[in-house]
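Student: Model the structure of this input:
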Amino acid sequence: MRSTRRARRFGALASGLLLYLTAIRIGSLLSDLDLPRAAYAALGGRYSVTAVVFESLLIALLLFGLALAWSRVTVRPLLPGQRPVTDCYLVGIALAWFCAAIYGTVYLSLSWELKDLPVGLWLLSSGTPPLWGVLNAVAVVGGVLLARRQMVPIANQIEPLRPDLVV
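Tutor: As a prediction, the model looks like this:
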C-alpha cells in the first residue's frame with residue numbers, strides 16, 4: 001500500500017513537470033504565430049499593449065484547457081477511497097516553473113536583442129524569457145485547481161465495495 005502511494009505521488013510529480021514544460025513549449029510555439037492583420041489593426045498595432053494582452057489571453061485560455069484535461073486524467077483517484085494527488089502535482093509544476101525561470105534568466109542574460117523589450121512584453125509574452133508568460137502559469141495552475149475541485153466530490157462519492165456484494 002505504501003509503495004503504491006509513493007508511486008502515485010512520484011507519477012503526479014513527473015506529470016506536473018511534463019505538463020508545465022509542455023505548456024511552455026506550446027505557448028512559445030503559439031506566440032510565434034501571428035493574428036490576422038485586421039485583428040492587429042483593430043487592437044492598435046502588433047506590439048500595442050492591447051494586442052499583447054489579447055494574444056496572451058488567447059494562449060492562456062488554450063493552456064487552461066490543456067491543464068484541465070491533463071489534470072483530470074492524472075489527478076483522479078484510480079481506486080475507491082484514494083485521494084487525488086494534487087499536492088505532488090503542484091510541486092512538479094512549481095519545480096518546472098523554477099527550472100524554466102532559471103533557464104530563462106540565463107538565456108536573457110546572454111541575449112542582446114531581448115534586453116531592449118518593454119517590461120510588459122517580458123511579463124506577458126509566451127515566447128519571452130525569463131517568465132515565459134505570467135498568464136500561462138496562472139492558467140496552468142488554475143486548470144489544475146479546477147480539476148482538483150471537480151475531483152474531490154467524486155472521490156467522496158465513491159464507496160468501497162461491500163463484502164456481501166463481492167462474488
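Student: What strand or helix carries the spatially most central residue of the chain?
Tutor: Centroid-nearest residue in the chain: Val140, 2.6 Å away (criterion: C-alpha atoms, centre = their mean). According to DSSP states H and E, Val140 maps onto helix 134-157.
Student: Same check on Arg46?
Tutor: Under the assignment here (DSSP H and E), Arg46 is part of no helix and no strand.
Student: swap in the one 10 residues further on?
Tutor: Assigned by DSSP H and E, Ser56 belongs to helix 49-75.
Student: So which bits of that helix are buried?
Tutor: Buried residues in helix 49-75, counted by 16 or more other C-beta atoms under 10 Å: 51-52, 54-56, 58-60, 62-64, 66-68, 70-72, 74-75. Any C-beta I mention is one placed from the backbone N, CA and C, and that applies to glycine too.
Student: Show me how far that helix is from its chain's centre.
Tutor: Relative to the centre of its chain, helix 49-75 is centred 7 Å away, using C-alpha atoms, centre = their mean, to the nearest Å.
Student: Run the angle between it and helix 134-157 for me.
Tutor: 30 degrees (axes from the mean of the first three to the mean of the last three C-alpha atoms, to 10 degrees).
Student: Just list what helix 49-75 packs against, helices and strands only.
Tutor: Helix 49-75 sits against helix 2-32, helix 37-43, helix 86-110, helix 119-124, helix 134-157, with contacts defined as 3 or more C-beta pairs under 8 Å, 6 or more residues apart in numbering; DSSP states H and E.
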